[in-house]
Structure formats: structure tokens, C-alpha cells
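S.K.: Mind looking at a prediction? Sequence and model below.
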Amino acid sequence: MNLDHVFVCGHPALDFAATLRARRSARFEMFVTPDRLNAWYVESGLVDTITPGQEDDVREATAVREAVYQLVTDRRLGQELDQEALDLVNAAARKTPATPQLTATGRLTEATPEQALATVARQAVELLSGPDVPLLKECGNPECTRVYIDRSRGMRRQWCGMESCGNRIKAAAYRARKKSTPAATAH
């Protein structure tokens, strides 16, 4: 599996939760180093620059990520929110977030890993207390565990993203159909 960060979920908190991929099977961790964590913060657009991180930042971020995933799952399934996950996300959200500044060339958001994590936690709070909760869906690919916001007409979207899961599933279904269909006889 590649190490590229993917942003297909429609919300930064959901993309953050999706950085542990294939939770039900392979469990592929994207935050393997402080640099990979910081790359996610920058690539997500939450911050423009970030100070170097430490292993503790990775541990804290993965703990908050798992709490966000738990709360997203609880909300999506209409279950009572897990108290431990709630406490963890709220504690992270109470910390100072990344603050954009106006510069001569535009907006600049510089942050520490802790500020970036606080920003993600605050976004999770906004998402899970806002109007998009009914639109949360899990990808239809059984190997994928990404949750996304389905804004499609009639909420008919099935995949986190066509370029990732959708094409793979459709191609596999096509191959299966071709295999099971007897070859047409020539006349």
C-alpha cells in the first residue's frame, strides 16, 4: 500500500480518522513517524507550516484519531457516545488551535503539532455536533473503513472515492461477471 495521504472523506476530521486504513483487516498505519504526521497536517490544508514533531506527538495524535473514529462510528450508528473517546477529543479541542495570520502575501497558518491536533479535534467537535451527522456513511468496500459525508443526490454514493475504492470494486465485479459468463458462440 502506498504512503500517500488521501483526502476523499469530505471533512478534515474524517480524513484524519481514515489515516489508519483497512481497520478490519490489514490495519495500515499512515502516521508511522512524526514527519508523516506533520505531512498530513500540511497536505490537509489545516496548516501551512509546522514545527518538527516528536514521537509523543504521534502517540497523542493516534489516540485522538482513534477517539474521533469511535465517536464518528457512534454517531453514524446512532449509539451513545463513548465517554473515554469524548473526554479525549474534548481535551484536545480545549488546547490552543492553529491560528491563521494575515501576511503581505495572504493567509499563513503556522503551528506546532499540538496546535494542529487541537484544530482537528475542534473540527471533529463541529462535525459531530452539526447538520452533517445524518450524511455520514462508511465506504461500501468491505476492506475499507473510511467514513465520508455523502452529499450525492439521494445519498446514493457507495464509495469513499472512485479513484480509490470505487474503481477497484467495479473492476473486480466486472472481472467476476466476465469469468462467469460463457463465451458467446460464433455463428
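M.R.: Perfect, I can see it now. Numbering: from 1, shown residues only.
S.K.: what's the nearest residue to Met155 if we skip its chain neighbours?
M.R.: Leu135 (6.9 Å; CB to CB, 6 or more residues apart in numbering). C-betas here are computed from N, CA, C, even on glycine.
S.K.: Please list all residues in contact with that neighbour.
M.R.: Ile149, Asp150, Arg151, Met155 (CB atoms under 8 Å, 6 or more residues apart in numbering).
S.K.: And Cys160, by the same measure?
M.R.: Val8, Cys9, Ala18, Cys139, Asn141, Cys144, Arg146, Val147, Tyr148.
S.K.: again, but for Asn90
M.R.: So, once contact is read as CB under 8 Å, 6+ apart, Asn90 ends up touching Ala121, Val125.
S.K.: same question, Leu102
M.R.: Leu108.
S.K.: Give the residue spans of this protein that score low on pLDDT.
M.R.: 1-3, 162, 164, 166-178, 180-187 (pLDDT under 70).
S.K.: longest helix in it, by residue count?
M.R.: Looking across the chain with DSSP state H, the single longest helix is helix 55-77.
S.K.: is it true that Ala121 touches Val89?
M.R.: Yes: using CB atoms under 8 Å, Ala121 is in contact with Val89, at 5.3 Å.
S.K.: Spit out the residues that contact the two alike.
M.R.: Val64, Val68.
S.K.: And the longest helix of the chain, what's buried?
M.R.: By neighbour count on 16 or more other CB atoms under 10 Å, the buried set for helix 55-77 is 57-58, 60-62, 64-65, 67-76.
S.K.: what packs against that helix?
M.R.: helix 12-17, strand 20-21, helix 34-43, helix 83-94, helix 113-128, strand 136-138, strand 147-149 (3 or more CB pairs under 8 Å, 6 or more residues apart in numbering; DSSP states H and E).
S.K.: Thank you, goodbye.
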